[in-house]
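Trainee: With the input below, show me the fold.
(one chain, ligands or ions: 1)
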Amino acid sequence: MTLEELKRDMELMGEKSFRAKQLYEWMHRRLSRSFDEMTNIPVSLREKCRERYEYTALRVADQQESAIDGTRKYLFELSDGNLVESVWMKYKHGNSVCISSQAGCRMGCVFCASGLDGLVRNLTASEMLDQIYAITLLSGERVSNVVVMGTGEPLDNYDNLLCFIRLLTDEEGLHISQRNVTVSTCGIVPGIRRLAKEGLQITLALSLHAATDEKRKKLMPIANKYSVEELMDACRYYFDRTGRRITFEYSLVGGINDTLEDAGELVRLLSPMNCHVNLIPVNPIKERDFVQSRGEDIIRYKNKLEKNGINVTIRREMGRDIDGACGQLRRRQKERTLQQEAAPDRCTATGRAGGVQEV
Ligand code: SAH
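Mentor: Residues are numbered from 1 along each chain as shown. Have a look, this model is predicted:
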């Protein structure tokens, strides 16, 4: 609930509206984990709240820390037992958290581990927020950047996403600047157009991965629904409405979308636009046989864009020694559970080596 909604609800309950502010502060500033902590709220009101609202907190199911760069990956358990993952990254300019927006995903991009088992359910706005709150409490450090780039397709969970952004950036809450929030989408055109009209200052990242319909369809099933042309129209509309430059994500897959010809197609598509391209060397997952592009091919691709005046960076890989790619940690945990169920008597040794948990 927004503060206004909570105020109205307090009035309905016959309570003074300042109680709403107190509750809100406990939840979104002091990051309390239950009503029990709210010591300036009368016990009777806390009891009423317990009856009226569901107040849940994420539980840490697993945690990995990279020995290379300190990146931490958390596997959180939701109140119904579902698992989601979040990543904490430390940069010079501040701490960044990558959150999940759904348990599983139904988009089925071929190189991504998140979609291998399909969608389980949408996350609520609170479950998205709590990934950031829990990490803030665990790390003891402020989060300054949030990227919605974990498991799930945020624009497939639109209303909860919007509520989450409003609460996250609310000045009565953690008050993270909208400019420090990035939402990454596989390209749901009506969602992009709707988002453009919300009056937000967030960054939109678009997972393009190929510049032609033919090639994109091989990598991302969503390309069968929306053409690259429709997508680019929506992106131009987003830029016109918000003035925010779009980031195009392009995961480079060895021999699939990393040739000079591919780079030429991308130049043709993006040249007239004020945008940024972020190249992501694909993180191979064991369920698929994609390989990373060779170093020289990545550089060749980048140079071609640069020579044509396109702003381009190669995404720095973080947490390479932990299950850093989308959906990997959640999937490992599921595999472990399945193995346990298949052979419950078998003794499983769990060891930690260099931040990698192996069973
Ligand atoms: N559903 C959203 C956000 C989640 S994925 C989207 O599609 O944008 C975040 C980014 O990581 C996307 O660009 C996605 O295509 C990319 N990605 C997923 N798995 C990857 C992998 N194994 N290697 C490289 N990039 C990957």
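Trainee: Just the strands from this protein, written as ranges.
Mentor: With strands called from DSSP state E, the chain shows them at 59-65, 72-77, 83-91, 94-98, 102-104, 119-122, 145-148, 181-185, 203-207, 246-252, 275-281, 311-314, 351-353, 356-358.
Trainee: and those as TSV, adding mean pLDDT?
Mentor: Shown next, in TSV, are those (pLDDT from 0 to 100):
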stretch	mean pLDDT
strand 59-65	94
strand 72-77	96
strand 83-91	94
strand 94-98	95
strand 102-104	97
strand 119-122	98
strand 145-148	98
strand 181-185	98
strand 203-207	98
strand 246-252	97
strand 275-281	96
strand 311-314	96
strand 351-353	26
strand 356-358	23
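Trainee: Using a markdown table, lay out these together with distance to the ligand.
Mentor: Just so you know, the C-beta spots here come from the backbone N, C-alpha and C atoms, and that holds for glycine as well. Shown next, in a markdown table, are the strands of the chain (distance: least, CB to the nearest ligand atom, whole Å):
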| stretch | distance to the ligand |
| --- | --- |
| strand 59-65 | 17 |
| strand 72-77 | 14 |
| strand 83-91 | 11 |
| strand 94-98 | 8 |
| strand 102-104 | 9 |
| strand 119-122 | 11 |
| strand 145-148 | 7 |
| strand 181-185 | 4 |
| strand 203-207 | 3 |
| strand 246-252 | 4 |
| strand 275-281 | 5 |
| strand 311-314 | 12 |
| strand 351-353 | 22 |
| strand 356-358 | 17 |
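Trainee: May I see these arranged in a markdown table, with mean neighbour count as well?
Mentor: Formatted as a markdown table, the strands of the chain follow (neighbours: other CB atoms under 10 Å):
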| stretch | mean neighbour count |
| --- | --- |
| strand 59-65 | 17 |
| strand 72-77 | 21 |
| strand 83-91 | 22 |
| strand 94-98 | 19 |
| strand 102-104 | 23 |
| strand 119-122 | 18 |
| strand 145-148 | 22 |
| strand 181-185 | 21 |
| strand 203-207 | 22 |
| strand 246-252 | 22 |
| strand 275-281 | 19 |
| strand 311-314 | 15 |
| strand 351-353 | 9 |
| strand 356-358 | 13 |
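Trainee: Identify the residues contacting stretch 239-249?
Mentor: 182, 184, 196-197, 200-209, 235, 238, 270, 273-278, 280 (CB atoms under 8 Å, 6 or more residues apart in numbering).
Trainee: Stretch 12-20 now?
Mentor: Looking at stretch 12-20 with CB under 8 Å, 6+ apart, the contacting residues turn out to be 3, 6, 7, 9, 10, 11, 41, 45, 48, 52.
Trainee: Tell me where the chain is predicted with low confidence.
Mentor: Applying pLDDT under 70 to the chain picks out residues 320, 323-328, 338-359.
Trainee: Any chance you could note which residues of it sit beside the ligand?
Mentor: 107, 109, 111-112, 149, 153, 184-186, 207, 249, 251, 280, 282-283, 285, 325-326 (CB under 6 Å from any ligand atom).
Trainee: ok, for residue 180, nearest residue in space, not its chain neighbours?
Mentor: Once flanking residues are discounted, residue 180 sits nearest to residue 145: 4.6 Å by CB to CB, 6 or more residues apart in numbering.
Trainee: got the contact list for the one you found?
Mentor: Residue 145 neighbours (CB under 8 Å, 6+ apart): 91, 93, 94, 95, 96, 97, 176, 180, 181, 182.
Trainee: My guess is residue 150 contacts residue 85. True?
Mentor: Yes. At 6.1 Å, residue 150 and residue 85 qualify as touching, with contact defined as CB atoms under 8 Å.
Trainee: which residues do the two both contact?
Mentor: What both residue 150 and residue 85 touch, as defined by CB under 8 Å, 6+ apart, is the set residue 100.
Trainee: OK, contacts around the spatially closest residue to residue 301 that is not a sequence neighbour?
Mentor: Distances taken as CB to CB, 6+ apart put residue 263 closest to residue 301, at 4.8 Å, once the chain neighbours are dropped. Residue 263 makes contact with 300, 301, 304, 305 under the criterion CB under 8 Å, 6+ apart.
Trainee: how near is residue 263 to residue 256?
Mentor: 13 Å (CB to CB, to the nearest Å).
Trainee: And residue 306, by the same measure?
Mentor: From residue 306 to residue 256 the distance is 22 Å (CB to CB).
Trainee: What residues sit buried inside stretch 42-53?
Mentor: By neighbour count with 16 or more other CB atoms under 10 Å, stretch 42-53 contains the buried residues 45, 46, 48, 49.
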